[in-house]
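>>> Have a look at this prediction, sequence included:
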Amino acid sequence: MSGAAYYICPRCGRPIDHLERRVVRRIGKDGKVHEQVYFYARHYARGPNGEVISVNGQPKIEKKCYLGPEKYIYASKLHAALGLQLKGLIEEVVEGRPRLKDYLDSVREAIERQMAETKMSSHTAQKLASALEGLQALTARLRQYAEERAKAEAEAKAKGAGAWTQLDTK
Ligand SMILES: [Zn+2]
C-alpha cells in the first residue's frame, strides 16, 4: 500500500488508522470558488486482540480527531514580526516533523537576528531571558515524558499490528 506509514495522532496519542482528507468548496465574497482542505484522524474500534471491529463491512469508527486545515492562515502581527513560520498540525503527522520544534527554532533565529541587528531593548532581552529559563526547567521533565511515551507507543504498536495509517488521496 503506497503512502502507508505508522502515525500517532497528535490530538489523542493513539495510532491513526485512517487519515481523512476533506475538501470543502465555497463561494467567496469575490464570487470565486475557494477550496480549503481539512484533515481528520480516524481511530477504529478494536477487539481484545487488536482486530478491527467492522459494522456492515465498514470499520467501526471509535473516535475521530480534527487535525486542522492543510494551511494555517496566520494573521497575528506578533508572529509576523517575529518572522515565525507557523505550520499546520497535519504536517506534524504526515512529515513526522514536530511543529513545536519548528516554532522554537524560529524563535531562536528571531532572537539571534534581533540581537545581531541590536533591535531588541534591554527590557525585552531581560524578559526573554527569564522566559527561556522557564523553558530550560522543562527539559528534564520532557525527557522523562519522552521515555514514558516511547514505552506506551511501543505497546500500542505491538497490540494493533495492523494499525497502519491509510492515506486518503482522493
Ligand atoms: Zn486522535
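Okay, I see it. Numbers count the residues shown, from 1 in each chain.
>>> Which residues of the protein lie near the ion?
9, 11-12, 41, 65 (Cβ under 5 Å from the ion). Glycine gets a C-beta too; all of them are placed from N, C-alpha and C.
>>> Now the lengthiest helix in the chain: buried residues?
For the chain, the longest helix by residue count, based on DSSP state H, is helix 139-159. Going by neighbour count (16 or more other Cβ atoms under 10 Å), the buried part of helix 139-159 is A156.
>>> and what of stretch 54-63?
59, 61.
>>> And for stretch 26-37?
Per 16+ other Cβ under 10 Å, stretch 26-37 contains no buried residues.
>>> Show me the shaky parts of this structure.
1-7, 70-99, 157-170 (pLDDT under 70).
>>> again, only this time at 90
For the chain, the stretches flagged by pLDDT under 90 are 1-42, 46-52, 57-58, 65-110, 119-120, 134-137, 142, 145-146, 149-170.
>>> Excluding covalently adjacent residues, which one is nearest to F39?
In space, and not counting its chain neighbours, F39 is closest to L67: 4.1 Å by Cβ to Cβ, 6 or more residues apart in numbering.
>>> Name the SS class of that neighbour, please.
strand (DSSP: H, G, I helix; E, B strand; the rest coil).
>>> measure it to R46 for me?
21 Å (Cβ to Cβ, to the nearest Å).
>>> Give me the distance from the longest strand seen in the chain to the chain's centre.
When the chain is parsed with DSSP state E, its longest strand is strand 33-44. Centroid separation between strand 33-44 and its chain, computed with Cα atoms, centre = their mean, to the nearest Å, is 14 Å.
>>> Ok, stretch 30-40 next?
21 Å.
>>> got the CA positions of it in CSV?
Taking Å, rounded to 0.1, in the frame of the first residue of the first chain, the C-alpha atoms of stretch 30-40 are listed here in CSV:
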residue,chain,number,x,y,z
ASP,A,30,-15.2,37.7,-4.7
GLY,A,31,-17.6,35.3,-6.4
LYS,A,32,-14.9,32.7,-6.9
VAL,A,33,-14.8,29.1,-5.6
HIS,A,34,-12.4,28.7,-2.7
GLU,A,35,-11.1,25.4,-1.6
GLN,A,36,-10.0,24.5,1.8
VAL,A,37,-8.6,21.1,2.9
TYR,A,38,-9.2,19.8,6.4
PHE,A,39,-7.7,16.7,7.9
TYR,A,40,-9.3,14.2,10.4
